[in-house]
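Colleague: sharing a model prediction with you, sequence too.
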Amino acid sequence: MKVKLFSVLAEKIGPTIELDLPQVFKSSEVLDQIKEKHPDYADVLNQSLVAVNEEYTNEEDISLDSVDEIAIIPPVSGG
Amino acid sequence: MKVKLFSVLAEKIGPTIELDLPQVFKSSEVLDQIKEKHPDYADVLNQSLVAVNEEYTNEEDISLDSVDEIAIIPPVSGG
Amino acid sequence: MSLIKIVDEPIDTEVLTKSLIHNEFGGVDIFIGNIRQYTDDIETEKIEYSTYKAMAEKEMQKLADTVLAKGMDVVMVHRVGELQLGDIAVFIGVAAPHRAEAFENCQMLIDSLKKTVPIWKKEYDKDKIRWGGLE
Amino acid sequence: MSLIKIVDEPIDTEVLTKSLIHNEFGGVDIFIGNIRQYTDDIETEKIEYSTYKAMAEKEMQKLADTVLAKGMDVVMVHRVGELQLGDIAVFIGVAAPHRAEAFENCQMLIDSLKKTVPIWKKEYDKDKIRWGGLE
């Protein structure tokens, strides 16, 4: 599964990262997998949220079948 | 002394009204003199303030010598 | 560069807005009051604003000075004369380092203008003429 | 006629302002955020905004919908790409029957945008590059 990255993560790691996600997972598992691959960005990832199909997720179970798009959302800073 | 009128008072009575003011007076006396001449507008005058030299007055004594301009200020409604 | 005045021509929002964009300030709040057709069931056709101009500009300047003294920029322009539906009667803008101050002071300025600045409206409503402000 | 979008060109404040003047509404509040040179001692040279555009527009629409549902009109436009000092990054406007609602909702929209809408700034300051939002 390709996960979209933005902001500092996109610049440092790339616009997407390929992850191997189980059939059912939580957003924290997505962040944990990226932290394992890129421990340097653990700090940013600890402040980030996960969006599935362009909606913020919390701690709910996510079914891989229902996922069209996953994105990591670092702290926003528009305005 | 010519006193300036505005808004509904200017339209009904005229842009100025000639009053005979004593050497020292209070704003209420200005309003009272106009009410006497135009009792129909007592209601508007009761809601009005008096400005001397383009500044609002309260209940202070006003010396005629210090007066360049007197104006009656009905309730304002800009904006 | 603050701008405080009463005008009898249409208000140019573009020029006034641009005058509030400064490198020193990051946030601008603008209030625009325009002529509204309906107030509850009352239908307005036009509004005639009159003013005691010299005093009105002095009172507007006093209000602006309280905001300028805090290091912000201020624009306050009120139009008088005969205004039609949709015409802009008043434009108030505050540029500030932080947006909360811009909002707070802009709202204070329009609220205060409506209380102290000698400008009056004569409202031509469909049913009758109404003088603003009278009880 | 609400307008909610992310653009990569300069924001035309005049067109957006005009779109908020309606006969039905008497009060418009507008917030404009522009690129500021100094934040305390830090001197900014330019800011690069990036976005997750589809999601950002959805989140902006959600915010606007809460205001539109109350019968007001809303404009929310955020610019992305490389912005220079003085450039306008965001324009938010609310037209309402009463001015207090316009102020309240306009401020709520910019406050909320800064919390939930996926837009990020990379600030090129004189001393170093700063990524907005990070602790």
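Modeller: That came in fine, so what should we check first?

Colleague: tell me the confidence at the residue nearest to C:Pro97 when sequence neighbours are not counted?
Modeller: Excluding the flanking residues, the one nearest C:Pro97 by Cβ to Cβ, 6 or more residues apart in numbering or on different chains is C:Phe25, at 5.8 Å. Heads up, the C-betas are built off the backbone N, CA and C, glycines and all. Looking at C:Phe25, its pLDDT stands at 94.

Colleague: in a strand, C:Phe25, correct?
Modeller: No: according to DSSP: H, G, I helix; E, B strand; the rest coil, C:Phe25 belongs to no strand; its state is coil.

Colleague: go ahead and confirm it touches D:Arg36.
Modeller: Yes: assessed by Cβ atoms under 8 Å, C:Phe25 is found in contact with D:Arg36 at 6.4 Å.

Colleague: output stretch C:17-26 as CSV, nothing but the C-alphas.
Modeller: Taking Å, rounded to 0.1, in the frame of the first residue of the first chain, the C-alpha atoms of stretch C:17-26 are listed here in CSV:
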residue,chain,number,x,y,z
THR,C,17,-7.9,46.8,1.3
LYS,C,18,-4.5,47.1,-0.4
SER,C,19,-3.6,50.0,1.9
LEU,C,20,-3.9,47.6,4.8
ILE,C,21,-1.5,44.9,3.5
HIS,C,22,1.9,45.6,5.1
ASN,C,23,5.0,43.5,5.5
GLU,C,24,5.0,44.4,9.3
PHE,C,25,1.5,43.0,9.9
GLY,C,26,0.3,39.5,9.2
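
Colleague: give me the contact list for that stretch.
Modeller: C:1, C:3, C:28, C:30, C:72-73, C:75, C:93-99, D:13-14, D:17, D:32-39, D:85-86, D:88 (Cβ atoms under 8 Å, 6 or more residues apart in numbering or on different chains).

Colleague: so for chain A, the centremost residue is which one?
Modeller: Chain A has A:Ile72 as the residue nearest its centroid, 3.3 Å off, counting by Cα atoms, centre = their mean.

Colleague: need the contact list for it.
Modeller: Contacts of A:Ile72 by Cβ under 8 Å, 6+ apart are A:3-6, A:9, A:30-31, A:34, A:45, A:48-51.

Colleague: so what strands line up beside the strand or helix carrying it?
Modeller: Under the criterion of DSSP states H and E, A:Ile72 resides in strand A:70-73. Using DSSP bridges, the strands paired with strand A:70-73 are strand A:2-4 (parallel), strand A:49-52 (antiparallel).

Colleague: coming back round to it: what are the bridge partners for the residue nearest to the centre of chain A, then?
Modeller: Residues in beta-bridge contact with A:Ile72 (DSSP bridges): A:Val50.

Colleague: distance of it from C:Glu57?
Modeller: 55 Å (Cβ to Cβ, to the nearest Å).

Colleague: would you quantify the distance from C:Ala69 to C:Lys62?
Modeller: From C:Ala69 over to C:Lys62 (counting by Cβ to Cβ), the distance is 11 Å.

Colleague: more neighbours, these two?
Modeller: C:Lys62 (14 against 8; other Cβ atoms under 10 Å in any protein chain shown).

Colleague: now the helix or strand harbouring the more buried one - C-alpha only, PDB.
Modeller: In the assignment (DSSP H and E), C:Lys62 maps to helix C:53-68. What follows is helix C:53-68, C-alpha atoms only, in PDB (Å, rounded to 0.1, in the frame of the first residue of the first chain):
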ATOM      1  CA  LYS C  53     -18.800  66.100   8.700                       C
ATOM      2  CA  ALA C  54     -16.100  67.900  10.700                       C
ATOM      3  CA  MET C  55     -17.300  66.500  14.000                       C
ATOM      4  CA  ALA C  56     -17.800  63.000  12.500                       C
ATOM      5  CA  GLU C  57     -14.300  62.900  11.200                       C
ATOM      6  CA  LYS C  58     -13.000  64.100  14.500                       C
ATOM      7  CA  GLU C  59     -14.900  61.300  16.400                       C
ATOM      8  CA  MET C  60     -13.800  58.700  13.900                       C
ATOM      9  CA  GLN C  61     -10.200  59.800  14.400                       C
ATOM     10  CA  LYS C  62     -10.500  59.600  18.200                       C
ATOM     11  CA  LEU C  63     -11.700  56.000  17.800                       C
ATOM     12  CA  ALA C  64      -8.900  55.200  15.300                       C
ATOM     13  CA  ASP C  65      -6.300  56.800  17.600                       C
ATOM     14  CA  THR C  66      -7.000  54.300  20.300                       C
ATOM     15  CA  VAL C  67      -6.100  51.500  17.900                       C
ATOM     16  CA  LEU C  68      -3.200  53.300  16.200                       C
END
